[in-house]
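J.: Quick check, what structure comes out for this input:
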Amino acid sequence: VIEELKKKISENEKAVYFTFGQPDNDEWCKCERCCASYKRYDNGYWDENMGITATMTVFVNRVAEEIDKWAKKAYSDRKYYIVTLSYRGTLHPPVKKENGKILPVYKVVKPRKNVMIYYCASGGCQTHKLGDEICFKARRTAADLEGWKGLNANLAVYDYATTFNNTLLYLLSLYENLAI
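T.: Down below sits the predicted model:
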């Protein structure tokens, strides 16, 4: 992974964003090492996928750290981000609340400065305003965004501006009510 990213960075001198993330499915590595990591980081605070989100964040951070060491030597003044998805099994940030503050579940799950989280609210509600008290999904999306913000994550948002069940239905865009 690291060598492939180095190659992509070298080949694309003007590029700033390099995507590294999971496939568009819910298939996660089931090897003994990954399953142990899921279990270690799953504190049950949000849901059963906390361990997956935390494991992916730790993995991306390690890749980003190695890329950063290399890039400082090869491109001392170049700005770049390793972009990874917050989507499906990694949708919810690896955070907990203590005394009203949002904190990482473990220090190692706070995204590095050269990591950008690309939040994709799949399964979120777009018929209610973000954070609307009557809608669990709208509240959950707001909590996810606040969680990533609480980690001081570089954040980009992918917004589904349609519903696939009824393409004529008007949907609120996250951008219409998003102020984070």
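J.: C-alpha only now, for contacts and for neighbours.
T.: OK.
J.: Leu91: what's it in contact with?
T.: Residues in contact with Leu91 (Cα atoms under 8 Å, 6 or more residues apart in numbering) are 53, 85, 119-121, 144.
J.: ugh, wrong one, I meant Tyr118
T.: Going by Cα under 8 Å, 6+ apart, Tyr118 touches 83-86, 155-158.
J.: okay if I get the residues you listed as TSV plus neighbour count?
T.: Formatted as TSV, the contacts of Tyr118 follow (neighbours: other Cα atoms under 10 Å):
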residue	neighbour count
Val83	22
Thr84	23
Leu85	25
Ser86	28
Leu155	17
Ala156	15
Val157	15
Tyr158	15
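J.: Tell me the one among the residues you listed nearest to Ile9.
T.: If you rank those by distance to Ile9 using Cα to Cα, Val83 comes first, at 12.7 Å.
J.: So what touches whatever helix or strand that closest one lives in?
T.: Assigned by DSSP states H and E, Val83 belongs to strand 81-86. Contact with strand 81-86 is made by 16-22, 53, 60, 64, 91-93, 114-120, as judged by Cα under 8 Å, 6+ apart.
J.: Kindly report the same for stretch 52-64.
T.: Contact with stretch 52-64 is made by 1-2, 20, 34, 37-38, 41-42, 82, 84, 86, 89-94, 108-112, 114-115, as judged by Cα under 8 Å, 6+ apart.
J.: Of all the residues in it, which ones are buried?
T.: Within stretch 52-64, the residues that count as buried by 16 or more other Cα atoms under 10 Å are 52-58, 60-64.
J.: can you check stretch 27-42 too?
T.: Residues of stretch 27-42 classed as buried: 34, 37-39, 41-42 (neighbour count, 16+ other Cα under 10 Å).
J.: Tell me which of the residues you listed fall in helices.
T.: Cross-referencing these against helices under DSSP state H gives 34, 37-39, 41.
J.: Look up how far Gln126 lies from the closest residue to Val1 other than its chain neighbours.
T.: Nearest non-adjacent residue to Val1, counting by Cα to Cα, 6 or more residues apart in numbering: Val63, 7.6 Å away. In this view, Val63 and Gln126 are 34 Å apart by Cα to Cα, to the nearest Å.
J.: Sort the contacts of Leu91 by pLDDT and name the bottom one.
T.: pLDDT is lowest at Ala121 among the contacts of Leu91; the value there is 79.
J.: Below-threshold pLDDT in the chain: ranges please.
T.: Residues of the chain that meet the criterion pLDDT under 70 lie in 43-48, 160-180.
J.: And the helices in it?
T.: In the chain, the helices defined using DSSP H lie at 2-11, 32-41, 50-74, 136-150, 174-177.
J.: Including distance to Pro104, could the ones you listed go into CSV?
T.: Shown next, in CSV, are those (distance: least, Cα to Cα, whole Å):
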stretch, distance to Pro104
helix 2-11, 25
helix 32-41, 11
helix 50-74, 9
helix 136-150, 8
helix 174-177, 24
